[in-house]
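S.K.: Provided below for reference: sequence and predicted model.
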Amino acid sequence: MSIDFLKNADPAVWEANKNELVRQNEKLEMIASENFTSLAVMAAQGGVMTNKYAEGYPGNRYYGGCEYVDVVENLARERAAKIFSNAEYVNVQPHSGSQANMAVYFTFVKPGDTILGLDLSHGGHLTHGNKMNFSGRMYNFFAYQTRKEDGRVDLDQAKDLAQKHKPKMISIGASAYSRDWDYAAFRKIADEVGAFLWADIAHTAGLIAAGELNNPMAHCHVVTTTTHKTLRGPRGGMILMGKDFENPFGVTAPKSGRVRKMGELLDSQIIPGIQGGPLMHVIAAKAVAFGEVLKPGFKDYAQQVKLNAKALCEALMTRGFQVVSSGTDNHLMLIDLRNKKINGKAAQLALDEANITTNKNSVPWDTESPLLTSGLRLGSPALTTRGFKEAEFKLIANWIDAIIKAPEDEGIRKKVRGEIAEVTRKFPLYPELLKGI
């Protein structure tokens, strides 16, 4: 739909959208959890399905008139299943990754149960046991960490903690960890203590879908993800199981008395458990994005994401930056800035003034507060979508180095902004939309 509709109806909101389009074009988007969707994904999300209430699931809704939203939800589920090893169970209704995770908690464990997950300050996620989050408030969490010597997840520590605390569930997944996961090894640990194994692949789902990272589907009881980030779809969540199975809790169907499948329990936790009507316009956009993932070009994209991340990582290390784990297997890297005598917040602000968008991030054994941090997280997905390759990412390393060396030097900032402008003009983002402003 034409953006003229918005311009004429609400100039203030149109102006903010226009400025955001300009910002996304002029700045280097280095936040690892962000990406740029296709125009087709945005068109689906902005379409008429935003008008439709559809509580329930395809073929079993609480409302009439759902025949076409059923089509798109079934397409989204079928495509997602194909992407992820012909998964037997898919739920595309979670509004976010956090809500997908909440449904897993409410299905697989009870409040007060013990869970083992990756420490937030070692790359973990807020919903994996942080005390400020519902997960940390409702469940008894213990955290495994990364090793000091190499920055990689400490499997021996995870095993020892599992043997000691006997968790009901073990979570795998991170928001700032640059290495691949050994899902088979974690499944062995889980089986030894009788725990469920859950993988949150929100950051790496696109790379896993393309076969560029290890696949958790055969090893984990349940998998959650977001649908943006490396999947390059709309903002939302999803739950998958490689194999659905009868629940071990004795929950039965009220009429037949049969033992209900875990997929049924997950469905009922999404609705009516924690959500009401699904966002059908977002689900339509998910279907479009999953269709894009199934096209051959997506694997090329995923491979380039990794190549670009590696090029940036190596270029930064040659300039004396300390990369946690000394490298990357995926789309991101975590920089420990303590040897550069600048904290994460100051670095983020200085880089933003130079048109490089990043985010501060805690590092393992951080000596700064979470509001300042000692680290910076960088990612390659968004700029790879724009067409950047290794040469451009090596230039980015030069610019980051220049700014971090003199974070308050406006002359250097101006020089870097000018050089960035020359590069970004070669890789316009949404040129069809730029014509309209």
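M.R.: Received it, and whenever you're ready, just let me know what you need.
S.K.: so how far is stretch 51-68 off the chain centroid?
M.R.: Once both centres are worked out by C-alpha atoms, centre = their mean, to the nearest Å, stretch 51-68 turns out to sit 28 Å from its chain's centre.
S.K.: and it, what's buried?
M.R.: Of all the residues in stretch 51-68, those buried under the rule 16 or more other C-beta atoms under 10 Å are Lys52, Tyr53, Ala54, Glu55, Gly56, Tyr57, Pro58, Arg61, Cys66. Every residue, glycine included, has its C-beta placed from N, CA and C.
S.K.: nearest to Glu432 among those?
M.R.: Closest approach between those and Glu432, by C-beta to C-beta: Lys52, at 27.1 Å.
S.K.: for that closest one, give me phi and psi.
M.R.: Dihedral pair for Lys52: phi -100, psi 130, per degrees, to the nearest 10.
S.K.: now do the same contact list for it.
M.R.: Listed by C-beta atoms under 8 Å, 6 or more residues apart in numbering, the contact partners of Lys52 are Gly65, Cys66, Val69, Met280.
S.K.: surely the last one touches Val72?
M.R.: Read that as Met280. Yes: with contact defined as C-beta atoms under 8 Å, Met280 counts as touching Val72 (7.0 Å).
S.K.: what touches both of the two?
M.R.: By C-beta under 8 Å, 6+ apart, Met280 and Val72 have these common neighbours: Met49.
S.K.: quick one: the strands in the stretch 301-437 of the chain?
M.R.: For the stretch 301-437 of the chain, the strands defined by DSSP state E, counting those that start in this stretch occupy 322-323, 332-336, 356-357, 359-361, 375-379.
S.K.: export those strands to TSV and tack on mean neighbour count?
M.R.: TSV is the format used below for the strands of the stretch 301-437 of the chain (neighbours: other C-beta atoms under 10 Å):
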stretch	mean neighbour count
strand 322-323	18
strand 332-336	26
strand 356-357	20
strand 359-361	23
strand 375-379	28
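S.K.: about what we covered before: of the contacts of Lys52, closest to Gly233?
M.R.: Within these, the smallest distance to Gly233 is 14.7 Å, found for Met280 (C-beta to C-beta).
S.K.: residue contacts, that closest one?
M.R.: Listed by C-beta under 8 Å, 6+ apart, the contact set of Met280 reads Met49, Thr50, Lys52, Ala54, Val69, Val72, Glu73.
S.K.: looking at the protein, which helix or strand is least sure?
M.R.: Least confident helix or strand of the chain, by mean pLDDT, DSSP states H and E, is helix 4-9 with a mean of 90.
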